[in-house]
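Peer 1: Dropping the sequence and predicted coords here.
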Amino acid sequence: QLQLVESGGGLVQAGGSLRLSCAATGRAFSSYAMGWFRQTPGKEREFVAAITWGGGETFYADSVKGRFIISRENAKNMLYLQMNSLKPEDTAVYYCAAPGVTSDPEDYEYWGQGTQVTVSS
């Protein structure tokens, strides 16, 4: 079992930055690849980024590549998403999930409750 809790969302102007955090409790966080997804009302959950268990490889959706950075601190059981140059279209509820590095949310078993990110124009 793995419990995930996101934080760090909020309201930011376009061009600004936010850092999302995902705190994990439970067994063996460091053995799980982790991902970030986002969702807006009426749309399917969308892949944002993923990172392997050791942090050696990262994967990004084209829409965020070059602007977002996924990272992790296994010693602290923490996952992060640094979001820069934010755009109004980044507005969504952001979720962390495990385990996996794929873009298919069906591949992930554990999910947090989500944190709202709103980018104003």
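Peer 2: Received it, and whenever you're ready, just let me know what you need.

Peer 1: How about the secondary structure of the closest residue to residue 69 other than its chain neighbours?
Peer 2: Spatially, and ignoring its direct neighbours in sequence, residue 69 is nearest to residue 82 (4.3 Å; Cβ to Cβ, 6 or more residues apart in numbering). To be clear about C-beta, it is placed using only N, CA and C from the backbone, and glycine gets the same treatment. With DSSP: H, G, I helix; E, B strand; the rest coil as the basis, the three-state label of residue 82 is strand.

Peer 1: doesn't residue 17 make contact with residue 82?
Peer 2: Yes: the pair formed by residue 82 and residue 17 meets the contact definition of Cβ atoms under 8 Å, at 7.2 Å.

Peer 1: Could you give the average pLDDT over the lengthiest strand in the chain?
Peer 2: For the chain, the longest strand by residue count, based on DSSP state E, is strand 18-26. On average, the pLDDT along strand 18-26 is 96.
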